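1. Below are the sequence and a predicted model; questions follow.
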Amino acid sequence: MALRARPELRSALDRLRGGVLAHPFFCAATLLAIVPRVFAMLGFQSAVLFRLDTYDYLWGAVHVSPNPINPSGYSLFLWLLRPAHSLVLIVGLQHLMGLGVAVMAYLILQRHGVADWLATVAALPVLFDPGQLMLEQLIMSDLLGLFLLMASLTVLLLRRMPSVWRSAAAGGLMALSALVRPTVLPLILLVPLFLLARRGWRQAVAALLAGVVPLVAYGLWFSAVWGTFGLTNSDGLFLWSRTMTFAQCSIINPPPSLQPLCPSAQPGRLGLAPLGKRPAPTWYLWDHDAWMWRDSRPTFAPDEGAFTAHNNQLARSFGIRAIEAQPLGYLSSVAHGVLTALRGRYPLRFPGKQPVRHLTGSDYTYALAVVKAYTGSTQGLGPYLSWRYATRMKAPFGYIVDEYQKVIYLPGALFVAILVVGLAGLLIPKRRSSVAVLLWVSAIVLIVVPVAEHEFDPRYLIPAVPLSCMAAALAFRDRRKDTDTLADSTPAARGGAQGPPSEGVKGAGVEASQ
């Protein structure tokens, strides 16, 4: 058996060497990108825990149940890893997923005629941007959501027209991504629309069904626990907090049942702040003196009691009324949040010094108990629990990462330029590609939806970066190697008989539409 294994091993090594030689720029960049990831894992131990959100996800992995605030897709992922009792394993896998996102982006661009060096350049933000590295080091849902999103697009885009089963797989993966990060929900409809535009109605139906079924199944589970069908009890409350930046009840004229939700009815500076100087939406949502918290029952999870079906329905009604009465105020508020995101003034970064302890009382008890329940110990994190980040910063690695992120990062102005280049590629007929349209529109959705739903957070911007870079790179693709262009130029695509592939098609692996 050993003698038989040797030729197989030799063949595998030959294929690996051939792949490295065929893609030297990307392989070199990927190997180099491992270095800052290792430093991040050594410098911030056992992981980076974010506010109380991290503990909610870990608690959902210990006590499996649909969370009323966020869908529990990420908690189920953590539940699968729970037997290892390791936060280090979680972030290690997430760093591998980050590299996987870069690989998938590169493969898609290669498949659609982008030069090796340019495809590598498009993947550089995923490989080296500190915001991406921080997302991988966080015990948060964003990185897993991005990985599943990219997996869906890879299954969808590696062939001109995917089979029905591949289309269903793409729709299912997109649904799983939405159950991890609900801002992906609009893309579940975008995938079948993309397939319909290519006249693949069977594929579009398969993708739509595969995208809807997991959501319905989760909604039924949620209904069995919380008594209402949906993914969360929070969408209305998030929307209400969004409207607090512009809502004026003298214009909205809400009924008596909704008047306690008016800005002026909120406590302290939330209610007294004049229009234009009101706090950010998050302050309205999490102030425990606000209307939805006043009658909430205490729970072991400190920030869960207000998220009931009744409160969510009231908040949704108010939010919709506010938007209908003040559409310009809503659009202005969303536009301000999007511009804040694009300016890049509040980037996602590793802490530059050891975070100090701020968690107290029930928050502190909850955080320590959750870490102990998941890992079997407190991981020595007791002295390091803080309001924003909880981690042990270890010298010299943490300080090296801090110096790294001061030098190597994606500036906001450059990101805007990338978006503009991608848009220009869509507007120029000879540069336009249906794949680029899908990627660019998906990036815009990921940027705008979180702001329209609640507010800007630098974490929400990171998943849009690889999609934007890919769309921009496709504007410079070689049309002779682009599977879209080749398939459209065949006699069959023009309505004639399909002949043998030309020399330009040979080796490109182009498949006829199914």
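-> That came in fine, so what should we check first? Residues are numbered from 1 along each chain as shown.
2. Below-threshold pLDDT in this protein: ranges please.
-> The model of the chain has pLDDT under 70 over residues 1-5, 11-19, 21, 483-514.
3. the longest strand in it is where?
-> Looking across the chain with DSSP state E, the single longest strand is strand 44-50.
4. Run through who's touching the helix or strand following it.
-> Once strand 44-50 ends, the next helix or strand along the chain (criterion: DSSP states H and E) is helix 53-62. Helix 53-62 has contacts (CB atoms under 8 Å, 6 or more residues apart in numbering) with 49, 67, 69-70, 72, 74-76, 78-79, 81-82, 138-141, 301, 303-304, 366-367, 370-371, 373-374, 390. Every C-beta, even on glycine, is put in place using the N, C-alpha and C of the backbone.
5. Would you write a ChimeraX line that selects the buried entries of those residues?
-> Only the buried entries of those go into this ChimeraX selection, using 16 or more other CB atoms under 10 Å:
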select :49,67,69,70,72,74,75,76,78,79,82,138,139,140,141,301,303,304,366,367,370,371,374,390
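6. What about the contacts of helix 53-62, which are in helices?
-> Under the assignment DSSP state H, the contacts of helix 53-62 contribute 74-76, 78-79, 81, 366-367, 370-371, 373-374 to helices.
7. Met174: which of those is nearest?
-> Met174 lies nearest to Tyr74 out of the ones in helices among the contacts of helix 53-62, by CB to CB, at 15.7 Å.
8. Let me see the contact set for that closest one.
-> Contacts for Tyr74 (CB under 8 Å, 6+ apart) come out as 57, 140-141, 144-145, 180.
9. Met244 contacts Cys262, correct?
-> No - in this structure Met244 lies outside contact range of Cys262 using CB atoms under 8 Å: 9.2 Å.
10. Between the two, tell me which one has more neighbours.
-> Met244 (25 against 19; other CB atoms under 10 Å).
11. How many residues are close by Leu261?
-> Neighbours of Leu261 (other CB under 10 Å): 27.
12. Skip the chain neighbours and tell me the closest residue to it.
-> Phe318 (4.4 Å; CB to CB, 6 or more residues apart in numbering).
13. Wasn't Arg392 part of a strand?
-> Yes - counting by DSSP: H, G, I helix; E, B strand; the rest coil, Arg392 is part of a strand.
14. May I ask you to confirm that it is in contact with Gly382?
-> No - shown here, Arg392 and Gly382 do not form a contact pair, counting by CB under 8 Å, at 10.6 Å.
15. Look at the two and report which has more neighbours.
-> Ranked by neighbour count (other CB under 10 Å), Arg392 and Gly382 place Arg392 first, with 17 against 14.
16. Could you tell me which residues make contact with that one?
-> 44-46, 354, 380-381, 384.
17. State the distance from the nearest residue to Leu385 once chain neighbours are set aside to Pro182.
-> Closest residue to Leu385 apart from its sequence neighbours, by CB to CB, 6+ apart: Leu359 at 4.4 Å. Using CB to CB, to the nearest Å, we find Leu359 at a distance of 27 Å from Pro182.
18. which residues are in contact with the one helix or strand the residue nearest to Leu261 maps to?
-> According to DSSP H and E, Phe318 maps onto helix 309-325. Outside helix 309-325, the residues that touch it by CB under 8 Å, 6+ apart are 226-228, 232-237, 239-240, 242-243, 246-247, 251-254, 257-258, 261, 292, 329-330.
19. hmm, which of these are the buried ones?
-> For those, a burial check counting by 16+ other CB under 10 Å picks out 226, 228, 232-237, 239-240, 242-243, 246-247, 252, 254, 258, 261, 292, 329-330.
20. Around Leu410, how many other residues sit close by?
-> Using other CB under 10 Å, the number of residues around Leu410 comes to 22.
21. Can you tell me the SS state at it?
-> coil.
22. returning to what we had before: can you put the contacts of Tyr74 in CSV and add distance to Val451?
-> Compiled in CSV, the contacts of Tyr74 are given as follows (distance: CB to CB, whole Å):
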residue, distance to Val451
Tyr57, 23
Met140, 18
Ser141, 18
Leu144, 22
Gly145, 17
Val180, 19
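23. Farthest pair within those?
-> Top of the distance list for the contacts of Tyr74 (CB to CB): Tyr57 and Gly145, 12.1 Å.
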